[in-house]
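>>> Got a predicted model here, sequence first, then my questions.
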Amino acid sequence: MNRLNISIWRLYRPDAVVAFDNPLIRNRLSWYYVVMNDQAPAKFHIAARLEVNEDYRSMSTEELWRLHDKVGEEFDKAWGEQRVKPRSSIIKSSLPKSSFLDVKIELVSRIIRNCNLCERRCGIDRTKGKGACMLDRRSRVASYFIHIGEEASLVPSGTIFFTGCNLRCVYCQNWDISQRPENGIEVDEADLASMQIELRASEARNINWVGGEPTPNLHVIIPSLRILAEKGINVPQLWNSNLYLTPEGMRLIIHLMDIWLPDFKYGNDQCALRYSVAPRYVEVVSRNLKMICDRDEDIIIRHLVLPGHVECCTRPVLRWIAHNCPRAIVNVMDQYHPDYLVPRLSRYRELNRRVTEEEMRRAYEYARELGILTSSPS
Ligand code: SF4
């Protein structure tokens, strides 16, 4: 046997090799699984081949959204058929002159001139200035690589880290990129397409859009998928996000992501305001999660247990998930450590410690009581 043929990730993450031997994981991530194995086309391929005959560029934005939602219903039908009987052969077919994906590209190019991609709703023209995410129209990538530290079913994950973020988490563990948008290299859609192609060729099971936060970068991400569709590259799209998007932002990506990896951090708005400056957090994130779960999409929800927040955050978050997203896999994470502003500012002293074993025991026990399927920790 030629030992050099063994991929490094298999040695470091044997749990990733056997992740889909678990029938529950296989069942709950069934769409992702078939796309990952090239047995079905990623959703963006379906969107890129749904023809639109209207002269959509001359429409008002309101008309364009109506057209989008109408074609969205056709998409759901086509996707539903693919879920029952996957047909990856469509990847080889050429693209129509105008498609559902093109409508999305047109919409997002208009939205960033009056940005409401996320619930900050800055309304700023990002071709002229920066929003609360500290980003103008330029997207920057801090790094992209094969990540072997994610949940077992996602490894090896083709991760693309954007700089900039719309939240202000005082304990952010990626603050050097989330709060420092200049710490990256400017990219356009062709660059993002090249990165995805390279990552897929390096055995990536998925393209993992993360940051910082990917949401402010949708105007570059969505056009990059058109390039992939043209080239016939198939790879599941994974949305690794704080999910603080508007309904408009969600409508744009709901037909493009094959698997979702959102955070659900807080069980009440006071904690969300204090630690992430995120008004209406519970309403926004639960609304977006419900949209995903009601469509029976594949999803792994991450909940980072914060010290002293098992009762006010962990319990209500897990309870909500059990009632509203019963098919979701949940990663109850223990890796919190004081970072960014927490060790520096005494007003956050209650977060200036690790989570105790007893707190994690209570969190896991509650998840078990609720019948939640938890993933192997990342
Ligand atoms: S992405 Fe959010 S924070 Fe950034 S400009 Fe748009 S609405 Fe504002």
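That came through, no problem.
>>> Every contact and neighbour count from this point should use C-alpha atoms.
Fine.
>>> and the most centrally placed residue in the chain, what does it touch?
Among the residues of the chain, residue 239 comes closest to the average C-alpha position under CA atoms, centre = their mean, at 1.5 Å. By CA atoms under 8 Å, 6 or more residues apart in numbering, the contact set of residue 239 is 208, 209, 210, 214, 257, 259, 260, 261, 262.
>>> Can you pull the residues of the stretch 201-350 of the chain lying near the ligand?
residue 216 (CA under 6 Å from any ligand atom).
>>> any idea of the pLDDT on the residue in the stretch 201-350 of the chain that the ligand sits nearest to?
Taking CA to the nearest ligand atom, the ligand has its nearest neighbour within the stretch 201-350 of the chain at residue 216, 3.9 Å off. On pLDDT, residue 216 comes in at 98.
>>> what about it, how many residues close to it?
Counted with other CA atoms under 10 Å, residues neighbouring residue 216 total 29.
>>> got the contact list for it?
117, 118, 133, 135, 165, 166.
>>> Let's see that with 7 Å instead.
Contacts for residue 216 (CA atoms under 7 Å, 6 or more residues apart in numbering) come out as residue 117.
>>> Show me where the stretch 1-150 of the chain has its strands.
Using DSSP state E, counting those that start in this stretch, the strands of the stretch 1-150 of the chain run over 139-147.
>>> before we move on, what about the stretch 151-300 of the chain?
Here the stretch 151-300 of the chain has its strands, by DSSP E, counting those that start in this stretch, at 157-162, 185-187, 206-210, 237-239, 259-260, 300-304.
>>> sorry, back to before: give the bridge partners for the closest residue to the residue nearest to the centre of the chain other than its chain neighbours, please.
Leaving out its chain neighbours, the residue that sits closest to residue 239 by CA to CA, 6 or more residues apart in numbering is residue 260, at 4.9 Å. Beta bridges link residue 260 to residue 239, residue 299, judged by DSSP bridges.
>>> what are the ranges of the helices in the stretch 251-378 of the chain?
Counting by DSSP state H, counting those that start in this stretch, the stretch 251-378 of the chain has these helices, from start to end: 269-276, 281-294, 315-324, 357-369.
>>> Which among those is found nearest to residue 85?
helix 281-294 (20.9 Å; CA to CA).
>>> So which other helices or strands are in contact with the closest one?
helix 269-276 (3 or more CA pairs under 7 Å, 6 or more residues apart in numbering; DSSP states H and E).
>>> and the helix it packs on, what does it pack onto?
Helix 269-276 packs on helix 281-294, going by 3+ CA pairs under 7 Å, 6+ apart.
>>> buried set for the helix it packs on?
281, 282, 284, 285, 286, 287, 288, 289, 291, 292, 293 (16 or more other CA atoms under 10 Å).
>>> Can you pull out the low-pLDDT segments for the stretch 51-200 of the chain?
For the stretch 51-200 of the chain, applying pLDDT under 70 flags no range at all.
>>> Can you name the residues of it sitting close to the ligand?
Residues of the stretch 51-200 of the chain lying close to the ligand by CA under 6 Å from any ligand atom are 115, 116, 117, 118, 120, 121, 122, 131, 132, 133, 166.
>>> change it to 8 Å
Within the stretch 51-200 of the chain, the positions near the ligand by CA under 8 Å from any ligand atom are 112, 114-124, 126, 130-136, 165-167.
>>> Restricted to buried residues, select those in ChimeraX.
Buried residues among these (16+ other CA under 10 Å), as a ChimeraX selection:
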select :112,115,116,117,118,119,120,122,124,126,130,131,132,133,134,135,136,165,166,167
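>>> So what's the residue count around residue 83?
So residue 83, with other CA under 10 Å, has 14 neighbours.
>>> In contact with it, which residues?
With CA under 7 Å, 6+ apart, residue 83 has these contacts: residue 31.
>>> how about a cut-off of 10 Å?
30, 31, 34, 40, 77 (CA atoms under 10 Å, 6 or more residues apart in numbering).
>>> Looking at those residues, which is nearest the ligand?
Using CA to the nearest ligand atom, residue 31 comes nearest to the ligand of the contacts of residue 83, at 28.5 Å.
>>> Isn't that closest one up against residue 237?
No - using CA atoms under 10 Å, residue 31 makes no contact with residue 237, being 11.2 Å away.
>>> Am I right that residue 178 is in contact with residue 165?
Yes - contact criterion CA under 10 Å: residue 178 and residue 165 qualify, at 5.0 Å.
>>> In the chain, which helix is the longest?
What stands out as the longest helix in the chain, according to DSSP state H, is helix 61-84.
>>> Return the set of buried residues in it.
64, 65, 67, 68, 71, 72, 75, 79, 82.
>>> One more: stretch 230-244?
Neighbour counts over stretch 230-244 (16+ other CA under 10 Å) mark 230, 232-244 as buried.
>>> Ok, stretch 83-97 next?
Result for stretch 83-97 [16+ other CA under 10 Å]: buried residues 86, 88, 91, 95.
>>> of those, closest to residue 272?
Closest approach to residue 272 among the buried residues of stretch 83-97 (CA to CA): residue 86, at 40.8 Å.
>>> Please name the residues that touch the closest one.
31, 34, 35, 38, 39, 40, 41, 79, 80.
>>> out of those, who has the most neighbours?
Within these, neighbour counts (other CA under 10 Å) peak at residue 41, which reaches 28 neighbours.
>>> Pretty sure that one sits against residue 85.
No - if you go by CA under 10 Å, residue 41 and residue 85 don't touch, sitting 11.3 Å apart.
>>> if I look at residue 280, how far off is residue 10?
Distance of residue 280 to residue 10, given as CA to CA, to the nearest Å: 42 Å.
>>> and if you look at residue 241?
26 Å.
>>> Same check on residue 291?
In this view, residue 291 and residue 10 are 35 Å apart by CA to CA.
>>> And residue 339, by the same measure?
According to CA to CA, residue 339 and residue 10 sit 31 Å apart.
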